[in-house]
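A.B. asks: Okay, sequence plus prediction incoming.
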Amino acid sequence: MKGRRSVLREVAILLAAAVVLAAAAFGGQRLLFKRSPVSGELAKNLDASLGSVVRSQVLATHTMIDIPSVSEDFTVIVDRLRDALPGERTDFEVIVLQSAEINAFTLPGNTICVDTGLIRQLHSADEMAGVLGHELSHAVNRDPLTLLARRLGVAALLGALSGGQGGTIFANAAETLVDVHYGREAEDRADAFSVALLARAGIPPAAFGDALERIKKADPKNPGLLKYIDPHSPVDERISRARTLAARQSFAPRPLGVDWAALVQALPAR
């Protein structure tokens, strides 16, 4: 028993050291220099480690939709976007959650969560691809990881990974990411990323602006369900800019071949 405790203690020390080094590698850099990219194998590994834990926290409080036809359709969209990524191809996963909220959010470790409320609000797979393209920018730039370092603090992450109040810390992390708004610079970057990615993928680049418009006009009787757009953000300006950027793109149309109406119909009752 003593030997096992010794091993666990050593693992905890290594994890603690990883967090400190990660903070030096990317956390401080992003805090001091807004435009500095998050890079390096260490940041990548920490992103994956935190992602698996935060993902489990999200699934502990949300119901994941496991319908083969829905999963297959999302795989079609995901594969098209992944193959169109500039530079290194990033593998990412989309999880559909049963929720009336109109929301999508990105977790560390390249996992994107999409609420059924958002799916019902959109009118096509192209529009969904626009939303996923935006979220993929957050994943590529490790925005969720940077946000957690800022809001929860490196000390809190250190305690969680080294055996402290991990459950509480990561539950708070999950709650933070469900309702997150990254700020103007990150959102503008993600909007432009999505429009360009759609064009490279052969998907109408105007679809992202259309998606924002539909989300903006979501159920006015239940404004509390709208989580995806920050109510304080200049959404009309974002829509206009997205459409201007889309008009400048050239692309060769390649239909996704996803029956969106059938996908929505396959979702469980609200």
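C.D. replies: Structure received.
A.B. asks: Please work out which residues outside stretch 190-203 touch it.
C.D. replies: Applying CB atoms under 8 Å, 6 or more residues apart in numbering, the contact partners of stretch 190-203 are 80-81, 83-86, 126, 129-131, 133-138, 140, 182, 204-205, 207-209, 238, 241-242, 245-246, 249-254, 256. Just so you know, the C-beta spots here come from the backbone N, C-alpha and C atoms, and that holds for glycine as well.
A.B. asks: Of those, just the buried ones, ChimeraX syntax please.
C.D. replies: Here is the ChimeraX command that selects the buried residues among those (16 or more other CB atoms under 10 Å):
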select :80,81,84,85,126,129,130,131,133,134,135,136,137,138,140,182,204,205,207,208,209,238,241,242,245,246,256
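A.B. asks: Out of the contacts of stretch 190-203, which sit inside helices?
C.D. replies: 80-81, 83, 126, 129-131, 133-138, 140, 207-209, 238, 241-242, 245-246 (DSSP state H).
A.B. asks: For I239, list the residues it contacts.
C.D. replies: Counting by CB under 8 Å, 6+ apart, I239 has contacts 209, 212-213, 216.
A.B. asks: quick one: what helix or strand has the residue nearest in space to the middle of the chain in it?
C.D. replies: When CA atoms, centre = their mean is applied to the chain, the residue found nearest the centroid is T106 (1.8 Å). In the assignment (DSSP states H and E), T106 maps to strand 104-107.
A.B. asks: Give me the sheet partners of that strand and which way each runs.
C.D. replies: Partner strands and pairing direction for strand 104-107 (DSSP bridges) are strand 111-115 (antiparallel).
A.B. asks: Tell me the buried residues in the partner strand?
C.D. replies: Buried, per 16+ other CB under 10 Å, within strand 111-115: 111-115.
A.B. asks: Model confidence score at L85, please.
C.D. replies: For L85, the pLDDT comes out at 94.
A.B. asks: Remind me which helix or strand the closest residue to it other than its chain neighbours belongs to.
C.D. replies: Distances taken as CB to CB, 6 or more residues apart in numbering place L197 nearest to L85, at 7.0 Å, with adjacent residues excluded. Per DSSP H and E: L197 is located in helix 184-200.
A.B. asks: Give me the mean pLDDT for that helix.
C.D. replies: For helix 184-200, the mean confidence score works out to 96.
A.B. asks: again with stretch 131-146
C.D. replies: On average, stretch 131-146 scores 92.
A.B. asks: likewise stretch 104-121?
C.D. replies: On average, stretch 104-121 scores 95.
A.B. asks: now it, how far from the centre of its chain.
C.D. replies: 7 Å (CA atoms, centre = their mean, to the nearest Å).
A.B. asks: Work out for me the element the closest residue to H123 other than its chain neighbours sits within.
C.D. replies: Nearest non-adjacent residue to H123, counting by CB to CB, 6+ apart: R214, 6.5 Å away. R214 belongs to helix 207-216 when assigned by DSSP H and E.
A.B. asks: So which bits of that helix are buried?
C.D. replies: Buried, per 16+ other CB under 10 Å, within helix 207-216: 207-212, 214-215.
A.B. asks: Generate TSV for these, with distance to A190 and pLDDT as supplementary columns.
C.D. replies: Shown next, in TSV, are these (distance: CB to CB, whole Å; pLDDT from 0 to 100):
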residue	distance to A190	pLDDT
A207	15	98
F208	10	98
G209	13	98
D210	16	98
A211	13	98
L212	11	96
R214	18	95
I215	14	95
